[in-house]
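Enquirer: predicted model, plus sequence, below.
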Amino acid sequence: MPCERKQLRYGHSEGHTEVCFDDTGKYIVTCGSDGDVRIWEGMDDDDPKFITVGEKAYSLALKKGKLVTASSNNTVQIHTFPDGDPDGILTRFTTNATHVAFNSSGSRVAAGSSDFMVKVVEVSDSSKQKTLRGHEAPVLSVTLDPEDEFLASASCDGSVVVWNIEQQTQLISWPLLQKTNDVSNAKSLCRLAWQPGTGKVLAVPVETKVQLYERGSWDHVSTLSDDLLTQPINVVAWSPCGTFLAAGSVGGSLTVWDVNSKLCVERQKHEKGFTVCGLAWHPSGSQIVFTDTEGCLSLLDGLNTSVSNTEHTKAAVKKPAKDYDALFDDDDDDRLMDEGLSETTSPAKKPVTGDDDDDDDFLMPSTGRVRNRGAILDDENSQDTGSLRLGQDKFGDDDDTGSVVVPAAAKSAPLRPVYEGPMPTLPQKAFQPGSTPAHLTHRFMMWNSVGIVRGYNDDQDNAIDVEFHDTAVHHAMHLTNSLGHTMADLSQEAVLLACPGTDELASKLQCLHFSSWDTKKEWMVDLPQGEDARALCLGQGWAAVATNTLTLRLFSIGGVQREIFSLPGPVVCMSAHGEQLLIVYHRATGFDGEQALGIQLLQFGRRKKKLINGEPLPLSQRSYLSWLGFTAEGTPCYVDSDGVVRMLNRSLGNTWTPVCNTRETCKSKSDHFWVVGIHENPQQLRCIPCKGSRYPPTLPRPAVGILPFKLPLCQTSTEKGQMEEQYLRSTLFHNHYSFLSSSGYEIDEDGQGQSQKEQQELLMKMFALSCKLEREFRCVELAEMMTQNVVTLAIRYASRSRRMALAQRLSEIALEKTNQIQEDEPEEQEEEPQYSRPASRFGQSESTGGRYSSRHDQEEEEEQEEEIREEEEEEEDGQEMETEESTESKKRVNPFAKEAGSPVMPSLTPIGKAGRSNPFKMLGSGKPSAPSGQPRVTNILDNMTSSKKSAPLSGSAGKQSKGPVLKPLAPRPKTKTQSTLLQMTNTKSANKKTQQNMEPPAVQHKQAEVPPPTSPAENTENKRPKTGFQLWLEENRKNIIADQPDLEETDVIKEAMGRFRTLSADERLTWTERAKGQSGDAADLKKRKRAGGVEGGAGGEDENGQAAAADETSAKKKKSLDPSSKLSAFAFNKN
C-alpha cells in the first residue's frame, strides 16, 4: 500500500491537537491548545477559517453539520459547520472535558472529563443526559458503539471499561494501562475505537500493540503488532470499510494493519519525530490525516485498499458459509458511510472495488465531479489490475453471492452521466468592509478613517462601543445592543446600525445622528417584511442600505427616504465617500473558484449620475473581495483575498490599476494585512498586520502599520524601471486633483504643484538616462510627455550632449506644443474642466495635468494679475516662491501662461527666454558676461543661456521694453535658487505671451543668433527677436506714463502686462505676427549656419567674422563647461 506523505505544515501553537474530516471529506478540521478550531479546505489551504472556542481546545468531533468541542472553560460546546456559528453549550463538567465523540448517526455525543465522569448527551435535547460514574482518575478517551448500545472509556486509573449506556452500568473492566494522576502525565492517550458497521471489535492501544476485543463476549480475539514499533501507541482509527486499522505512536510512527490478515500494510515516520496525537481517515479511505503535539498537520495520501479487499474476497469465496456474513457486514458499513446520498447517486456495491466506489461517492457531493471515473474498468490506484478481474470472475461464478450485483454495477458505471465542464463557485457572502466575521463574540463591526465600532456578544454583555480617532468629532459612546445589530458604519455625522430580521421581528435600520443640532439624535426604520439588510454605508448627508431583495434604499441623514432602486444582483458590499456611492454585487455565477462581481459607482449631488455602470470587477485568480472603500481623497479602491490593492484610474476610462500587493510584505503564507484606510497624499496604505490570520483580534488593540505603494511594472530593479514606476504612480495618485476640482471642491494647489514638479523632474531624469544609453527615439517619446518649459531644458541637454539631430527634433516638439497652447487657449476657457487635458501625443495629459478653473474668464484674469503682482513684489524682497509659483502656473489660462500646468522644477529650470540671468553660472545672475557671450552665439541652443547672461545689464538697444523689466532685479546677487526663481517668475510675468504666441525658445534663438551684436551689452539681447508684447509696449509706453506719471519702471511693466491681457486674442496675435516679421531674415541666416556644421556646446566663432581674443575664448570655454556640468548634475541627481 504505497502512499505519499504530504509536507508538514503549521496549524496550531505547541500542545495537544486533534483532527477529523467532515462527512464529505472536503474539509479537514483541527483544534489545538491555542483555543482555535481551524477548518482547512485541503492541505494547500493557506487561509483556513477558524473559530475561537476558548483558551484551549482539548478535543473535537464532527458529524452532520454539528461541530462539538471540549474547551478549557469546562464546557462541551456545539457550533454549526462549516459556518462556525455558536449553537449552545451541550454539557458542563466541574473541570475540563478531555475527549468527545459522536455516535455513528450523529444523534449523541459522549464526553469524558478530568472529574472522572463520562456523560452521554442527546444533541437535539441537551437536557437528556446520562452520566457514567466509576472511574477513579481522569478519563483519557471515550468511544460509542455503532449500535448505540455500549460505550467504552479509558482512564488514568489504568482501566478500560465497557458501559451499558441505558442502564448506566459497567459491563467489564480491563486493567490494561499504567496508572497516572492526570492526562498530561499519561504515557498514552489510549484513544479507543469500535470497528465501523456492527461494532464487532473494540480496538484498545496497549503499549506498542493494539488489542482487539470481541463485542458481546468481550474476549480478547487478536493482537496487532509491529516489530518496528518501540514506543507506546497513542491513538488508533478504523478505515471507513472496517478492514484496516491505523495507529499513531508517541515516537511519531504511523502504522496501518490489515485486520483480517493481521499484517502491517503501511509504515510511515513523522518527518520530525513528534508525537502523533490526532488521527483520522478520509471517508473514501484513501487518505489519513494526522496531527502532532507541536501543533503541526500532515497527510498520508494514496492509500489503496483494493488489493487487500480482493484477498479478503478470495478468502470469502473459499469459505462460503461463515465469511459471507462478514463480507456483507462490510457492505453494510459502506452503506452507513453512504447515508444522506440518494440511491441513484450511490452505485451498487461491489465487494472487489467497493472502497474505490466509496471514494467516488464521497467526493461527489463536495466537488460535484467523480475523482476516478474509470474505477471499475481501470483502477489507477490498484497495484494489480489482474486481481480485479480475477475477483469478479470468482464472484460471478457463485450465483448466491453477487452475480446480480456485479454485472449491474459494471454496466452502470461507464454510463453514469458525467458533467465535465467547469464547476460553479459558491458566491461570497455579503460583508461590511473594515469588519471582522460576525460569528466572533468580540469583533470589529467597523474600522475606518473616522473611528472604530466594536461589538461584544458574550454571556456578560451584548453591547457596541464607538470610538473616534479624533475625539473632537465626538466623544466615545457605549450602546446596548438589545436589537442584535450585526452591521455598522461610522462617519463624521452619524453611526448607522442594522440587524437581520427574525420570524417575529422585521430587519431594522438604526441611525444615531450625533451631529444633529436638535435634541432628537436618533431614528429607526423597519424594513418591509421578508427584507433583510445585507450591506450599509454612510455618505455626506445620506445613508444607504442594500437588502436581500436586490433593493437599495437611500435615506437622508435625518431619516427622509430619498431614493429606491433595484440592484442587478445580490449585494456583496458597499462603501461611500462624500457624494459617491460604490456598490459591488454578484453579476453572475463564477466558475472554478472565480467570483463574478460587478461594480457600480454613483455620484449624488445636484446632478445625480452613474460613473461606472455595472462593469465587471477585476480580481486575482481564484480570489474574492476582502475590502472596498475610498482613499481619503475620494478615489475608489479595493483589496482582494490575494492582497492585491487596486485603484480607479479616472484618466484612463475608469480602469482599475494594481498599486500594491500586500502579500509581498508578508513573512509567511498564513500572515495577512487587514486594510483600514488608503491615502493618496501622502501615499500610504494603512493596515494591520495579522499573524496566522486574515483579521485582527479586538484585544489587545492592534497597531496600524503603513505600507508603501508599488506598481507592478517590469524590471523595477533597474534605474529605468524605478523611475518609470515612480512617474506612473505619481500621475495616478494625483488624478484626484482633477476630479475634486471638477466636482467643485477646493484643492490643495501647493500639493498639486509639487506633484507636477516631481513628475517633470522624473521625466527629465529619464530623458538624461535615455541620452546616456543613446536611445534618441525614446528621448523624443519622453519629450512629448514633458511640458514646454522642460522640453527647453531637454533641448539644451541634448545640445550639450552633442546630439544635434535629437535637439532639432525636440525643437520641433517645442514648436508644436507652443502652437497647441495657442489653439487650446480659447477653447479651454469655455470648456468644462477635464480630468486631464489632452495633449499633442500620449502621456502629455499626465504631465501637464488639467485646467482646473471653472470661473469666468474675467475673474480668472483678475486673479492671475494679482498673483503676478504679488509674486514680483515678493521676489524683490528676496523671498523664494517655489511652491506658489508652481501652483499659480497651473491655474493660468491666459496668453502669458507658458503651458497648461507646469511648475516644472522652479529651483532648477531656467525657462528659456531672452533677457534672463543664467542659473548655471557660478556667480550671481547679474555678473556681466558679454565677452564670453559673443562666441557662444554659434551654438544652436547654447545661446539660450548666453542670452540670459548680459540681459540684465542691457537697457535698450532695440528692445527698450525688455530692459526695464529686469533692471530693478538684475543688480542683486542671489543664491542659485533665488536667481532661478527670478527667471521663472519673470518669465511668467513678462514673457508668457512670447511662449504662447511665438515660436518656442529654441527656434527663436536660432533665428536670432546670426545678426552681429552691436555691443557687448546688447549682444545677448539682440540675438532674440522682439516679442509681440515688447512691440506693443514700445508704442504704448508713453500713454501709460501719461496716464500714471508716478509709476516706477517695474510698475509700468506690470500695468502694461495688465493692459496687454485685456486685448482680444486676435489683436495679440497681430502683434505677435509683426514681431515675427522682423526676424525672418535672421532665421534664413541661421539655417545656412546650421548647414555649415556648427558644433554644440563648445562654441565656435561668430559667423560675421567677429574676432575672438585668446582670453575671451578661454573665458568662454570655462563658462561653457560650467553650465554643462551643472546641467548634468541636475539631470542625474535629485535636489
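Expert: Perfect, I can see it now. Residues are numbered from 1 along each chain as shown.

Enquirer: neighbours of G744, just the number please.
Expert: 11 (other C-beta atoms under 10 Å). Bear in mind the C-beta positions are built from the backbone N, C-alpha and C, glycine included.

Enquirer: just to be sure, it is in a strand?
Expert: No. Going by DSSP: H, G, I helix; E, B strand; the rest coil, the assignment for G744 is coil, not a strand.

Enquirer: look up how far G605 lies from it.
Expert: Note on G744: its distance to G605, by C-beta to C-beta, to the nearest Å, is 8 Å.

Enquirer: equivalent analysis for S72, please.
Expert: Distance from S72 to G605, by C-beta to C-beta: 56 Å.

Enquirer: which of these two has more neighbours?
Expert: Shown here are S72 and G605; by other C-beta under 10 Å, S72 has more neighbours (16 against 12).

Enquirer: find the nearest non-adjacent residue to that one, please.
Expert: K56 (4.0 Å; C-beta to C-beta, 6 or more residues apart in numbering).

Enquirer: residues contacting the one you found?
Expert: Contact partners of K56, counting by C-beta atoms under 8 Å, 6 or more residues apart in numbering, are 15, 33-35, 71-72, 96.

Enquirer: quick one, grab the pLDDT at it.
Expert: Listed pLDDT for K56 reads 87.

Enquirer: got the phi and psi for it?
Expert: Backbone geometry at K56, expressed as degrees, to the nearest 10, gives phi -140, psi 150.

Enquirer: next: T665.
Expert: Dihedral angles (degrees, to the nearest 10) for T665: phi -90, psi -10.

Enquirer: for P708, see how far away it is.
Expert: Counting by C-beta to C-beta - T665 and P708 are separated by 9 Å.

Enquirer: what's the answer for G593, then?
Expert: G593 is 30 Å from P708, by C-beta to C-beta.

Enquirer: show me which of the two is the more surrounded one.
Expert: Comparing G593 with P708 by other C-beta under 10 Å, the one with more neighbours is G593, at 14 against 10.

Enquirer: any idea how many residues pack against the nearest residue to that one once chain neighbours are set aside?
Expert: Of all residues not flanking G593 in the chain, R622 sits nearest, at 3.7 Å (C-beta to C-beta, 6+ apart). Neighbourhood size, R622 [other C-beta under 10 Å]: 14.

Enquirer: R622 and Q7: what is the separation?
Expert: Distance from R622 to Q7, by C-beta to C-beta: 21 Å.

Enquirer: got the residue ranges for the helices in the stretch 651-800 of the chain?
Expert: With helices called from DSSP state H, counting those that start in this stretch, the stretch 651-800 of the chain shows them at 719-733, 736-742, 749-772, 776-785, 788-800.

Enquirer: just name the shakiest helix or strand of this protein by mean pLDDT.
Expert: helix 962-966 (a mean of 37; mean pLDDT, DSSP states H and E).

Enquirer: which SSE is the residue nearest to G593 in?
Expert: Following DSSP states H and E, there is no helix or strand that holds R622.

Enquirer: just the pLDDT for it.
Expert: 91.

Enquirer: am I right that it is in contact with F591?
Expert: No. The pair R622 / F591 is not scored as a contact, 10.6 Å apart, by C-beta atoms under 8 Å.

Enquirer: how many neighbours does the residue nearest to Y727 when sequence neighbours are not counted have?
Expert: Once flanking residues are discounted, Y727 sits nearest to L762: 4.3 Å by C-beta to C-beta, 6+ apart. Neighbour count of L762, defined by other C-beta under 10 Å: 23.
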